[in-house]
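# Dropping the sequence and predicted coords here.
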Amino acid sequence: MKSRSGQKRSLWESKNYGDSVARIELYLCRMKLITTIAARDMSLRAPYLMQVFEQEAAAVQPYTGILQR
């Protein structure tokens with residue numbers, strides 16, 4: 001990645017990287033919370049949980065590409 005002056009920047013210095021990491025950490029926290037609730041309350045059905053997982057994964061998907069570059 002290059003800065004405006006043409007110098008190479010590390011990925012750690014990139015604002016996009018920091019934002020992506022923060023969003024993915026938030027996603028993981030949500031998933032942990034959802035699975036904790038599901039483990040305690042077995043009345044939650046698996047299809048509902050899969051729907052929630054898919055929605056959360058879709059929301060974070062654009063940010064995972066930045067980390068792979």
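Yep, it's here.
# secondary structure element for Ala38?
If you go by DSSP states H and E, Ala38 is part of helix 15-40.
# tell me what that helix is packed against?
Contacts defined by 3 or more Cβ pairs under 8 Å, 6 or more residues apart in numbering; DSSP states H and E place helix 15-40 against helix 46-68. C-betas here are computed from N, CA, C, even on glycine.
# any idea of the mean pLDDT in the helix it packs on?
Here helix 46-68 scores 72 as its mean pLDDT.
# My guess is Ala38 contacts Tyr48. True?
No: if you go by Cβ atoms under 8 Å, Ala38 and Tyr48 don't touch, sitting 9.0 Å apart.
# Compare those two (neighbour count), which wins?
Applying other Cβ atoms under 10 Å to Ala38 and Tyr48 shows that Ala38 carries more neighbours, namely 16 against 11.
# tell me which residues of stretch 23-38 are tucked away?
By neighbour count on 16 or more other Cβ atoms under 10 Å, the buried set for stretch 23-38 is Arg23, Tyr27, Met31, Ile34, Ala38.
# related to what we said a few turns ago, quick one: mean pLDDT for the helix holding Ala38?
Mean predicted lDDT for helix 15-40 stands at 76.
# just to revisit the earlier point, distance to Pro62 for the buried residues of stretch 23-38 - can I get that in TSV?
Converted to TSV, those look like this (distance: Cβ to Cβ, whole Å):
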residue	distance to Pro62
Arg23	9
Tyr27	12
Met31	17
Ile34	21
Ala38	26
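# Closest one of the residues you listed to Val52?
Ile34 (5.8 Å; Cβ to Cβ).
# Skip the chain neighbours and tell me the closest residue to that closest one.
Closest residue to Ile34 apart from its sequence neighbours, by Cβ to Cβ, 6 or more residues apart in numbering: Val52 at 5.8 Å.
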